[in-house]
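Visitor: give me a 3D structure for the following:
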Amino acid sequence: MRISTALPTTESGVADVTMAEHREDLGFDGVSMPDLLFGDGTPGADPLIVLTAAAQRTTRIRLEFGVLSLPLRPVAPVAAQIQALQHLSGERTVLGTGLGGFPRSPSGGPRAPRSACAAGVPTPVRTPPSSTSTAAHGPGRPRPSPRPRRGCRLRPDPAPPTGRARTTVTAAWHAAAMATTSAPLLSVVVGDEELLADRAVAEIVAAARAREPDVDVHDLMPAQVTSGKLAEATSPSLFGERRVVVLRSVQDLTKDLAAEVTNLLQNPADDVLLVLVHAGGNKGKALLDAAVKAGARRFDCAKPTKANERLQFVKGEFSRAGRQITGDAAQALLDAVGNDLRELAAACTQLVSDTDGRVDAAAVARYHSGKAEATGFTVADRAVEGRLPEALEQLRWCLAIGTAPVLINSALAGAVRGLAVVAQPERGATDADLAKRAKIPPWKMKTLRQQVRGWSPQGVAHAMGVVAETDARIKGAGRDPAYALERAVIEIANARNQG
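Guide: Prediction:
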């Protein structure tokens with residue numbers, strides 16, 4: 001049994017998108033949004049916009065239209081919007097179509113059986129007169145043969161040249177699995193994140209082996225690729241045996257080998273599944289463009305750079321394993337393990353294996369603690385803020401992961417110098433002038449003004465003397481740089497509020 005619920009709205013008709021993430025944490029299977037282009041006077045929000053916003057906040061829960069009123073919307077723009085939503089959500093869109101509205105509205109009430117189309121692929125469905133929906137095809141579900149139905153405009157697919165479909169499908173990095181149940185003849189995996197690229201290649205190989213368990217796989221690095229080896233691996237088989245040829249780091253192929261691969265794209269063998277792995281960027285881009293032009297299915301595996309993307313990755317790892325993790329637990333795991341996706345994936349696997357039920361912050365704390373991403377700047381910020389225990393914890397983490405003591409003391413010196421500049425600014429000096437003197441970006445002035453509270457001129461002067469003495473101890477005047485840094489952090493933190 002699956003349980004879905006409608007997103008609540010305020011009196012002004014604005015949907016509360018944050019409730020989608022909350023209900024995903026509670027274990028609901030889906031959230032829905034009605035289409036109120038016409039009705040009984042109740043205000044409503046556009047479901048396409050609301051569900052797109054919900055897609056950015058969630059990783060597992062289904063996003064349902066209940067229902068979308070196609071008679072009052074232009075079909076082509078709506079189809080493009082739904083296709084984009086299907087991609088952004090990782091194929092979690094559930095599209096229900098009908099008249100919409102309320103029974104009391106001028107156009108409301110069912111007049112004919114309604115149909116449903118899965119996002120991206122029209123699916124004929126026998127439905128009762130009430131509102132209906134059909135789940136978009138996800139991993140592991142075969143696609144039914146599309147058949148035209150009244151009220152659903154279909155554009156016929158172009159005839160695939162030489163057995164290769166000329167379509168490009170892009171899989172998002174946070175997708176739980178490939179959006180296909182059959183391996184394409186030509187695929188390109190693009191991105192600088194090795195873990196995601198390896199997973200995409202593994203999914204393609206698994207799809208090929210699901211069809212033919214004895215399929216032969218050739219996984220080649222640029223140093224292993226020669227003209228003869230490439231011809232041997234990609235030539236048609238006399239016995240019709242299917243093969244998977246994976247070319248890694250194709251951006252590093254020589255000019256001659258890249259030309260051979262380009263020619264191969266124009267005359268592919270029907271029994272060879274070719275997978276090109278490209279790191280992204282401009283190097284070797286001509287080969288990548290040629291593959292896409294030839295109809296390759298593309299899988300984007302870019303490294304997540306934003307904190308929210310890494311948080312979604314952690315939640316996605318638990319969704320892949322059929323488990324859930326709370327938002328604060330996911331953040332705690334990120335803080336403890338760091339930003340490396342392989343280490344994050346390993347930590348998620350450990351928690352899935354060693355815990356039961358929903359993973360919370362307490363479970364993460366039992367297995368992971370500390371700050372793996374500690375830096376000298378973090379140590380300096382905590383010290384000048386007077387947060388001594390946290391500053392010492394960060395310092396020991398920095399030393400444990402190999403941060404040079406000179407760099408840590410340099411960060412302390414920069415923080416104290418900023419305090420000196422802001423504590424007694426020159427008359428008429430602007431924030432830009434102060435930032436230039438403190439050698440910090442202008443946007444950090446707000447943080448620096450908060451840190452300077454509680455500092456007196458005498459305390460700043462003492463902290464500057466401590467930094468100078470510590471610099472000498474680290475560079476040879478002392479025996480233990482770690483002890484010198486701990487002493488400096490303690491004295492700087494205690495200098496705050498010094499009269």
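Visitor: which SS class is Leu276?
Guide: Counting by DSSP: H, G, I helix; E, B strand; the rest coil, the backbone at Leu276 sits in strand.
Visitor: excluding chain neighbours, what is closest to Phe318?
Guide: Nearest residue to Phe318 in three dimensions, chain neighbours excluded: Ile325, at 4.6 Å (C-beta to C-beta, 6 or more residues apart in numbering). C-beta here means a position set from N, CA and C on the backbone, and glycine is covered the same way.
Visitor: and the one you found, what does it touch?
Guide: By C-beta atoms under 8 Å, 6 or more residues apart in numbering, Ile325 lies in contact with 314-315, 318, 333, 351, 358-360.
Visitor: what's across from it in the sheet?
Guide: Assessed by DSSP bridges, Ile325 has beta-bridge partners Val359.
Visitor: ok, Leu220 next?
Guide: With beta bridges defined as DSSP bridges, Leu220 has these partners: Leu247.
Visitor: verify the contact between it and Thr234 for me.
Guide: No. Contact between Leu220 and Thr234 fails when scored by C-beta atoms under 8 Å: they sit 10.6 Å apart.
Visitor: more crowded one of these two?
Guide: Thr234 (20 against 17; other C-beta atoms under 10 Å).
Visitor: how near is that one to Leu247?
Guide: From Thr234 across to Leu247, the span is 10 Å (C-beta to C-beta, to the nearest Å).
Visitor: likewise Ala231?
Guide: With C-beta to C-beta as the criterion, Ala231 and Leu247 are 13 Å apart.
Visitor: check Tyr367 too.
Guide: Going from Tyr367 to Leu247 by C-beta to C-beta gives 39 Å.
Visitor: the more surrounded of these two?
Guide: More neighbours surround Leu247 than the other of Tyr367 and Leu247, with 25 against 15 (other C-beta under 10 Å).
Visitor: got the contact list for the more buried one?
Guide: 220, 225, 253, 261, 274-277.
Visitor: those into TSV, with extra columns for distance to Phe65 and pLDDT?
Guide: Formatted as TSV, those follow (distance: C-beta to C-beta, whole Å; pLDDT from 0 to 100):
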residue	distance to Phe65	pLDDT
Leu220	45	93
Val225	48	91
Leu253	46	94
Val261	43	93
Leu274	38	94
Val275	35	95
Leu276	37	96
Val277	37	96
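Visitor: closest to Gln86 out of those?
Guide: Proximity of the contacts of Leu247 to Gln86 (C-beta to C-beta) peaks at Val275, which lies at 23.8 Å.
Visitor: the closest one is in contact with Leu185, isn't it?
Guide: No. Counting by C-beta under 8 Å, Val275 sits too far from Leu185 to count as a contact (10.0 Å).
Visitor: the two: who's more crowded?
Guide: Val275 (28 against 22).
Visitor: burial count for the closest residue to His368 other than its chain neighbours?
Guide: Among residues not flanking His368 along the chain, Ala336 sits closest, at 3.7 Å (C-beta to C-beta, 6+ apart). For Ala336, the count of nearby residues is 17 (other C-beta under 10 Å).
Visitor: just checking, what packs against the helix or strand harbouring Ala336?
Guide: Here Ala336, judged by DSSP states H and E, is contained in helix 327-337. With contacts taken as 3 or more C-beta pairs under 8 Å, 6 or more residues apart in numbering; DSSP states H and E, helix 327-337 sits against helix 307-320, helix 341-354, helix 361-367.
Visitor: now the phi/psi pair for Pro442, please.
Guide: phi -60, psi -30 (degrees, to the nearest 10).
Visitor: show me what contacts it?
Guide: Contacts for Pro442 were tallied using C-beta under 8 Å, 6+ apart; they are 431-432, 435.
Visitor: mind checking pLDDT for it?
Guide: In this model, Pro442 is scored at 73, pLDDT.
Visitor: distance of it relative to Lys436?
Guide: Distance from Pro442 to Lys436, counting by C-beta to C-beta: 9 Å.
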